[in-house]
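Engineer: Mind folding the following:
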Amino acid sequence: MNNELFEALTILEREKNISKGTLLEAIRQSLLQACKNHYGKTEASNVVVNIDPETCEFEVYAEKTVVEQVQDELSEISLTNAKLKNSRYELGDIVRVEIKSKEFGRIATQNAKNVILQKIREEERKVLYNEYYEKERDIVTGIVQRRIGRNISINLGKVDAILNNEEMIKGETYQLNQRIKLYVLEVKDTPKGPKILVSRTHPELVKRLFEMQVSEVHDGTVEIKSIAREPGSRTKIAVWSNNPDVDPVGACVGLGGSRVNAVVEELNGEKIDIINWDENPALLIENALSPAEVIYVSADADDKTATVVVPDLQLSLAIGKEGQNARLAAKLTGFKIDIKSETEARDSGDLMDEDEYYDEDGYYEDGYYEEEYYEDGNYEDGEYSGVDGDYSYDSADGETYEDQDGGYVQEDYETSKFRQEEETYDEPKDPEIQE
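Structural biologist: So this is what the prediction gives:
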């Protein structure tokens with residue numbers, strides 16, 4: 001019998017992840033409860049149950065006091081009966097008298113069984129709660145089970161989770177037995193077991209997916225500083241590298257876009273823009289408005305407001321369809337962004353001419369940025385020379401200029417623009433570059 005009990009406890013420990021010690025304690029408590037029920041006592045403080053954890057051998061006995069005349073059979077024993085057990089017992093001694101658990105009635109036995117089962121259920125709930133509580137604010141894989149009204153039941157293996165309608169991506173459909181990634185919002189402990197709420201719309205889901213796909217994000221080399229998401233449509237993330245030799249954007253994109261494409265596929269085609277994080281809010285805003293070009297950014301860090309000027313033909317791209325690009329850029333940076341076209345900005349005085357960008361010492365004022373310049377480039381006598389000497393112009397009278405090979409058409413000097421036909425780089429002017 002004890003071998004069978006030992007094997008049963010071993011199986012329960014393995015399948016339910018409940019320690020054998022906890023199960024033995026449940027059995028001990030059930031035997032104590034059975035004694036109380038059998039003897040009709042509300043308390044049985046003198047009853048002791050010992051269980052050997054190695055063999056599961058157990059003994060139940062009552063500690064009885066030796067008296068001349070017995071008044072309580074459960075707690076007292078006569079001197080005559082005590083001496084039958086051991087002749088050395090005297091009045092007042094404590095005698096251990098074995099209680100045969102087989103003598104317990106059917107009701108007492110059933111109650112003991114219920115105590116054991118109740119303890120097992122409680123421990124199972126506790127184990128499941130602790131297991132999934134550790135996964136709160138993390139990502140899990142679930143299997144679609146069934147619809148419950150407008151919500152969906154998701155099986156996570158040992159327990160079911162609830163995907164509420166408001167946490168579903170708009171337009172996304174879920175098939176029976178489909179495997180999906182979910183973000184664990186909350187784990188609640190209830191009498192019926194842990195209640196787990198999950199989400200497909202939370203911005204942190206994107207972050208966790210990148211941690212799974214990008215080793216540099218997982219080990220902390222690349223940090224995801226900020227995320228702005230409109231589920232099912234587009235997400236913008238700003239990344240930063242703690243290692244100057246690691247390109248954060250390149251690491252997240254992967255070779256041939258393999259890493260970012262894996263995340264996009266998991267999100268059923270949701271577009272993802274990855275930009276470089278910058279401590280300078282003006283540069284961060286400029287990056288956040290990608291793919292639109294930016295002429296000028298003025299950011300107020302105290303008021304969290306910014307004015308951005310873009311070329312006339314880039315205004316709709318900067319704002320995005322139904323304002324999405326500008327809206328996501330504002331969420332990503334935390335700034336309220338006012339976007340103006342170049343013509344509108346000049347008319348309102350928000351965009352100055354070239355000469356007005358310099359202070360009295362001939363340096364570029366803070367907050368003003370032009371698009372194209374070379375690190376070693378300089379302005380002198382109306383001529384511009386780049387690092388490789390590719391760009392040049394001969395005067396400042398509003399002509400149109402070309403590079404030495406005639407391959408790039410430049411705008412006039414008045415707009416201070418040097419834009420390549422294929423690609424434009426947005427960089428801040430270095431304070432050391434003077435007129």
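
Engineer: what's the one helix or strand residue 329 maps to in contact with?
Structural biologist: Element membership for residue 329 (DSSP states H and E) is helix 324-333. Residues outside helix 324-333 that contact it (Cβ atoms under 8 Å, 6 or more residues apart in numbering) are 226-230, 233-238, 273, 275, 281, 284-285, 288-289, 292, 306, 317-320, 336-337, 339. The C-beta positions use only the backbone N, C-alpha and C, and glycine is treated the same way.

Engineer: for it, what is the average pLDDT?
Structural biologist: Mean pLDDT, helix 324-333: 96.

Engineer: Strands - which of the contacts of helix 324-333 land there?
Structural biologist: The strands, defined by DSSP state E, take in 226-230, 234-238, 273, 275, 306, 336-337, 339 from the contacts of helix 324-333.

Engineer: Which among these count as buried?
Structural biologist: 226-230, 234-238, 273, 275, 306, 337, 339 (16 or more other Cβ atoms under 10 Å).

Engineer: what sits against the closest residue to residue 305 other than its chain neighbours?
Structural biologist: Computed as Cβ to Cβ, 6 or more residues apart in numbering, the closest residue to residue 305 that is not its neighbour in sequence is residue 336, at 4.9 Å. Listed by Cβ under 8 Å, 6+ apart, the contact partners of residue 336 are 304-306, 330.

Engineer: Residue 336 and residue 222, how far apart?
Structural biologist: 28 Å (Cβ to Cβ, to the nearest Å).

Engineer: Would you quantify the distance from residue 236 to residue 270?
Structural biologist: Residue 236 is 11 Å from residue 270, by Cβ to Cβ.

Engineer: can you check residue 134 too?
Structural biologist: Residue 134 is 28 Å from residue 270, by Cβ to Cβ.

Engineer: repeat for residue 229
Structural biologist: Counting by Cβ to Cβ, the gap from residue 229 to residue 270 is 8 Å.

Engineer: residues shared between the contacts of those two?
Structural biologist: In contact with both residue 229 and residue 270: residue 235, using Cβ under 8 Å, 6+ apart.

Engineer: which residues sit against the longest strand belonging to the chain?
Structural biologist: For the chain, the strand with the greatest residue count under DSSP E is strand 179-190. Residues outside strand 179-190 that contact it (Cβ under 8 Å, 6+ apart): 125, 129, 132-133, 135-144, 154, 161, 163, 167, 174, 194-200, 202, 204-205, 208-209, 266.

Engineer: Could you turn the buried ones of those residues into a ChimeraX selection?
Structural biologist: Typed into ChimeraX, the next command selects the buried ones out of the contacts of strand 179-190 (criterion: 16+ other Cβ under 10 Å):
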select :125,129,132,139,140,142,144,154,161,163,167,194,195,196,197,198,199,200,202,204,205,208,209,266
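
Engineer: And what about residue 130, helix, strand or coil?
Structural biologist: helix (DSSP: H, G, I helix; E, B strand; the rest coil).

Engineer: Can you read off the pLDDT for it?
Structural biologist: Value for residue 130, per-residue pLDDT: 91.
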